[in-house]
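Undergrad: fold the following, please.
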Amino acid sequence: MERNKRKKIPQVALLLDSCHETSRGMMRGVFKYVRLYGPWGLNIVTGGAFEQKLPDFRFWKGSGIIANVYSRAMAQAIAAARLPTIIFDLNDEWQEAWYAMSHACQVQCDSTATGELAADHLLQKEFINFAFVGEISGLNWSRWRKESFVKRLAEAGFSCHIYPDPLPAQRKWELDRKQMIRWLRSLPKPIAIFVAHDARARQLLDACLVADIHVPYEASVLSVDNDPLICETCIPSLSSIRLDVEAAGYAAAELLDKRMFGTAKSRVLKETVTYPPLEIVSRLSTQAIHVNDKLVIKALEFIRINAGLNIRVSDVATHVDVSPRWLAKRFACVLNRSVIDEIKRVRMETILRLVTQTEEPFDQIARKCGFSNENYLRNLFKREQKQTMSECRSCFQDSLRNMPAHHELGGLHENLNEK
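TA: A predicted model of the protein is given here:
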């Protein structure tokens, strides 16, 4: 990029919700660009969306703004500042209110590609029933995800149940929850549900719990953002699409640099840069087990929540109040495998997770998973995984070290519209 010489360090207001993982990822992308091409003086307000505001212009001599617009007051303040500005994911209201008349640039999620990725992933799991739940206010990026999801399903010959956007007076979760529970109960099962973002998916999982709809057996749930504070604390853990938010932040900083110090032409170009979805991070909410039998579902849930313990078939049968023989027949009919095979499978998943994702000594893992003899676990692990626990842990750590940085800018697309 051709840049003019600087006479002073640029002062940039970074107005992003630091309580949200997506915004924190964008900040990391901005910080990377500043480390490479700075220095910049960054004015950052830590806190939530509605705590963000521009610095006092009596004391702050600003050079530019990178922001997410959270309110009408913020939009008006940014417009009044008349500084080079980069905005993330503008919703309809701000598009119409002032963006079309401004010189600001946008960095926007490729929501069309995100919806297509979700559809392809759920189609691969061989569902025949699908549904979509959008952002509660029906924002544009939520609509675009819905439209591309529905279109891709239609191309594959499937329809999609759409949860209706609540009226403004019903957007409080206490009111919306009742409507969502009724809607969930009316859906055919098993069903794959795509949700516009993680926070809304947490609400959906809560509604499924109240509606006595078991995830992932009767409903499979996939979301967007991959916020670990949400996804890892949901019950069950939430599968989600990871977006390249660090690339978004990097691109925003690069655009702002051009606006502040580029050529005369680059300062008036109105640009929109899109950032892509990276991958689907699979967790329990999309585990591919399609079951309608309530007794088998109850048994599977018991096995899952006791995965780290040495439970027996008789324990499962007692929990669901049937004989072990009757339970075995139901399992064979519904899942085409035995109860003991399911217990062993889930238990090994737990052991594998402890081996690869913790530094716990193997004797402690053995005790936690109900093995009185560590050597027995070592032999079992090697027979099942075709490698020792030490080799498995080492391979996993090596793969993490060799993983490419996801915030590289390959895959970014620019749409240049000269005003």
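
Undergrad: now the helices for the stretch 51-200 of the chain?
TA: Taking DSSP state H, counting those that start in this stretch as the test, the helices found in the stretch 51-200 of the chain are 72-81, 92-97, 111-124, 140-155, 173-186, 198-210.

Undergrad: one more: the stretch 301-419 of the chain?
TA: Taking DSSP H, counting those that start in this stretch as the criterion, the stretch 301-419 of the chain carries its helices at 313-320, 324-334, 339-357, 362-368, 374-385, 389-401.

Undergrad: out of the helices of the stretch 51-200 of the chain, which is closest to residue 62?
TA: Relative to residue 62, the nearest member of these by Cβ to Cβ is helix 72-81, separated by 6.7 Å. Every C-beta, even on glycine, is put in place using the N, C-alpha and C of the backbone.

Undergrad: buried residues in that closest one?
TA: 74-75, 77-79, 81 (16 or more other Cβ atoms under 10 Å).

Undergrad: follow-up on the earlier one: would JSON lines of the helices of the stretch 51-200 of the chain with distance to residue 318 and mean pLDDT be doable?
TA: Shown next, in JSON lines, are the helices of the stretch 51-200 of the chain (distance: least, Cβ to Cβ, whole Å; pLDDT from 0 to 100):
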{"stretch": "helix 72-81", "distance to residue 318": "58", "mean pLDDT": "84"}
{"stretch": "helix 92-97", "distance to residue 318": "56", "mean pLDDT": "63"}
{"stretch": "helix 111-124", "distance to residue 318": "35", "mean pLDDT": "96"}
{"stretch": "helix 140-155", "distance to residue 318": "42", "mean pLDDT": "96"}
{"stretch": "helix 173-186", "distance to residue 318": "29", "mean pLDDT": "93"}
{"stretch": "helix 198-210", "distance to residue 318": "24", "mean pLDDT": "96"}
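
Undergrad: coming back round to it: dump the helices of the stretch 301-419 of the chain to JSON lines, plus mean pLDDT.
TA: JSON lines is the format used below for those (pLDDT from 0 to 100):
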{"stretch": "helix 313-320", "mean pLDDT": "92"}
{"stretch": "helix 324-334", "mean pLDDT": "89"}
{"stretch": "helix 339-357", "mean pLDDT": "89"}
{"stretch": "helix 362-368", "mean pLDDT": "89"}
{"stretch": "helix 374-385", "mean pLDDT": "92"}
{"stretch": "helix 389-401", "mean pLDDT": "86"}
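
Undergrad: okay, these in CSV with distance to residue 201 and mean neighbour count next?
TA: Listed next are the helices of the stretch 301-419 of the chain as CSV, based on distance: least, Cβ to Cβ, whole Å; neighbours: other Cβ atoms under 10 Å:
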stretch, distance to residue 201, mean neighbour count
helix 313-320, 28, 17
helix 324-334, 27, 15
helix 339-357, 22, 17
helix 362-368, 30, 17
helix 374-385, 32, 15
helix 389-401, 26, 13
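
Undergrad: and of the buried residues of helix 72-81, the nearest to residue 237?
TA: Nearest to residue 237, judged by Cβ to Cβ, of the buried residues of helix 72-81 is residue 74 at 34.1 Å.

Undergrad: same list (the helices of the stretch 51-200 of the chain) but as TSV, adding distance to residue 241.
TA: What follows is the helices of the stretch 51-200 of the chain, written out as TSV (distance: least, Cβ to Cβ, whole Å):
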stretch	distance to residue 241
helix 72-81	28
helix 92-97	22
helix 111-124	6
helix 140-155	9
helix 173-186	21
helix 198-210	10
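
Undergrad: which one of those lies closest to residue 57?
TA: helix 72-81 (7.5 Å).

Undergrad: hmm, back to that, how about the helices of the stretch 301-419 of the chain in JSON lines, adding distance to residue 120?
TA: Below are those laid out as JSON lines (distance: least, Cβ to Cβ, whole Å):
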{"stretch": "helix 313-320", "distance to residue 120": "35"}
{"stretch": "helix 324-334", "distance to residue 120": "27"}
{"stretch": "helix 339-357", "distance to residue 120": "25"}
{"stretch": "helix 362-368", "distance to residue 120": "36"}
{"stretch": "helix 374-385", "distance to residue 120": "29"}
{"stretch": "helix 389-401", "distance to residue 120": "24"}
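
Undergrad: and the residue nearest to residue 362 when sequence neighbours are not counted, how far from residue 344?
TA: Spatially, and ignoring its direct neighbours in sequence, residue 362 is nearest to residue 389 (5.3 Å; Cβ to Cβ, 6 or more residues apart in numbering). Per Cβ to Cβ, to the nearest Å, residue 389 is found 17 Å from residue 344.

Undergrad: how many residues are close by residue 195?
TA: Residues lying near residue 195 (other Cβ atoms under 10 Å) number 28.

Undergrad: that one contacts residue 224, correct?
TA: Yes. Judged on Cβ atoms under 8 Å, residue 195 makes contact with residue 224 at a distance of 7.5 Å.
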